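1. Got a predicted structure here, sequence first:
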Amino acid sequence: MAPKDLKKWLILLAILYLVFPRDLIPDFVGNGLGLLDDFLVMGLLANYLRRYTRNYMAGPERGAAGPEIPDRDTSSVGNDPYSILEVSHGASQDEIQTAYRARMREYHPDKVAHLGEELQKLAHERTVEVQQAYQRLRR
């Protein structure tokens, strides 16, 4: 589910919990303590959305077979660093860093150690390419 759709559902869930008469701490408890559990639930939902969005932006989890190494020309070091990291041209530094970490997780030597020598070599070349793209975008 896209984070945008999940956000809509979580907002609806938070509103329903806020207006629902049965709470962990009843709303009629004095000094505003009744709203404490409402804000706690909303905070937990916001935290879940933040984590879900971060994982969603990092890309899909790879299976046990290892990372998918696309068939591509390995001389693409001169390509656009945004396309190498798979981010838009208007991406913030946080988005760039998140994309960099996701790409590095895909091609890290420990992830491909069980694969054949040729795939290890491709993963190493891709790792170098991703690192160079990240260095260019950090400047």
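-> Yep, that arrived. Just so it is clear, the model here is predicted, and its values are computed rather than measured.
2. Any idea how many residues pack against Tyr107?
-> A count of nearby residues for Tyr107, using other C-beta atoms under 10 Å, gives 23. The way it works is simple: take the backbone N, C-alpha and C, and place the C-beta from them, glycine included.
3. I misspoke; the intended subject was Val41.
-> Residues lying near Val41 (other C-beta under 10 Å) number 16.
4. where does the nearest residue to it once chain neighbours are set aside fall, helix, sheet strand or coil?
-> Leaving aside its chain neighbours, Val41 sits nearest to Tyr17 (5.3 Å; criterion: C-beta to C-beta, 6 or more residues apart in numbering). Assigned with DSSP: H, G, I helix; E, B strand; the rest coil, Tyr17 falls in the helix class.
5. I figured Tyr17 hits Gly43, correct?
-> No - Tyr17 lies out of contact with Gly43 (C-beta atoms under 8 Å); the separation is 11.8 Å.
6. re earlier: for the residue nearest to Val41, report the pLDDT, please.
-> Note for Tyr17: predicted pLDDT of 78.
7. re earlier: more crowded one of Tyr17 and Gly43?
-> Taking neighbours as other C-beta under 10 Å, Tyr17 and Gly43 compare with Tyr17 leading, 16 against 11.
8. Tell me who's in contact with that one.
-> Tyr17 makes contact with 23, 38, 41-42, according to C-beta atoms under 8 Å, 6 or more residues apart in numbering.
9. Same check on Val19?
-> By C-beta under 8 Å, 6+ apart, Val19 has no neighbours at all.
10. same deal with the one 4 residues further on?
-> For Asp23, the contacting residues are 17, 34, 37-38, taking C-beta under 8 Å, 6+ apart as the criterion.
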